[in-house]
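Engineer: Just to be clear, the model below is a prediction. Sequence and coordinates:
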Amino acid sequence: MAPKNQARDNREARERLRLYEARQGLHDRQRRRRLRDNLVAPAVLVLVAALATGSQLAFAGSQDGGGKADASASATATPTPTASATPANTGDVPSKTIAKDSTWTGSLTLNKDVDLGIELDGRKAPQAASVEIKLIQEQFYNGTTCHRLADSSDFKFLQCGSANGDGTGDAGFQYGPLENVPTDGRYAKGTIAIARGATPYSQSTQFFIVFGDTTLDGSTGGYTVVGKVTSGLDDLVSEITSKGISSAGDDGSGEPKVATKITGATIEREK
């Protein structure tokens, strides 16, 4: 048996060795972690930047949903599908059976005092009508902003419906296909149509109200006509759109001078 001092020394030597090996293991793990972080962090930053840019681009594209004939609507976070890609809905898109092949009527109130009568066509645009019905029923639009106005000749619309009120954000889904698109690119006064990005399956929550006959570029597929304004259009013009644009972009559209919010919306199936 080893003397007590020697036994103690042996125990202390083993403990020092254990601590040394533990420190070495920690150092090695930290080194590997730094190496991993050096490799992963740039990739994460690139991914985050891409997602942020993508979100902005997607809804810049949606803002072009009411662009005039030569305005591009191609900006989108998702590249234009190739011939081998299959277009598809993303997220939890409301079922197109909601519209039930019928006409739905209701109201859209702006700034508490501009009341628009609306009609949604569940026969010609069952998917888009179903989405709008569901969003109205769930009060998604209440409090959102109409962020974009175009008021030049043959290019007159008010665009609304983004989740964040500035042309960005949605309800967590995008859908297609395009429905009830005018073959001549003409959107008559009173038309309610769905804004989108570059692809037919980039429709979401944004829509635009045409308050004067408008021609839009049909080369990218056009825009789904989901319904029409049946009353109150004159009030929309006199109270909001006639006041002009605060800062127009390259295509002549921009934020309305009269800050405009959706303050109420109703919808029901026509009996």
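Structural biologist: Ah, there it is.

Engineer: My read is that Ala129 contacts Thr224, right?
Structural biologist: No. Counting by Cβ atoms under 8 Å, Ala129 stays clear of Thr224, with 9.4 Å between them. C-beta: built from backbone N, CA, C; applies to glycine.

Engineer: Give me the more crowded residue out of those two.
Structural biologist: Ala129 (31 against 27; other Cβ atoms under 10 Å).

Engineer: list the contacts for the more buried one?
Structural biologist: Ile98, Ala99, Trp104, Leu120, Asp121, Gly122, Val226, Gly227 (Cβ atoms under 8 Å, 6 or more residues apart in numbering).

Engineer: Closest to Lys189 out of those?
Structural biologist: Set against Lys189, the nearest of the contacts of Ala129 by Cβ to Cβ is Gly227 (13.6 Å).

Engineer: can I assume the closest one sits in a strand?
Structural biologist: Yes. Assigned with DSSP: H, G, I helix; E, B strand; the rest coil, Gly227 falls within a strand.

Engineer: May I have the beta-bridge partners of it?
Structural biologist: Leu120, Ile192 (DSSP bridges).

Engineer: Surely it is in contact with Lys124?
Structural biologist: No. Judged on Cβ under 8 Å, Gly227 makes no contact with Lys124 at a distance of 9.1 Å.

Engineer: of those two, who's got more company?
Structural biologist: Between Gly227 and Lys124, Gly227 has the larger neighbour count (other Cβ under 10 Å), namely 27 against 17.

Engineer: hang on, the earlier thing: top of the contacts of Ala129 by number of neighbours, please.
Structural biologist: Val226 leads the contacts of Ala129 on contacts (other Cβ under 10 Å) with 29 neighbours.

Engineer: Now the spatially closest residue to that one that is not a sequence neighbour: which helix or strand?
Structural biologist: Leaving aside its chain neighbours, Val226 sits nearest to Ala128 (4.2 Å; criterion: Cβ to Cβ, 6 or more residues apart in numbering). Secondary structure assignment for Ala128, by DSSP states H and E: helix 126-137.

Engineer: Which residues belonging to whichever helix or strand comes after that helix are considered buried?
Structural biologist: From helix 126-137 onward toward the C-terminus, using DSSP H and E, the following helix or strand is strand 148-152. Buried residues in strand 148-152, counted by 16 or more other Cβ atoms under 10 Å: Arg148, Leu149, Ala150, Asp151.
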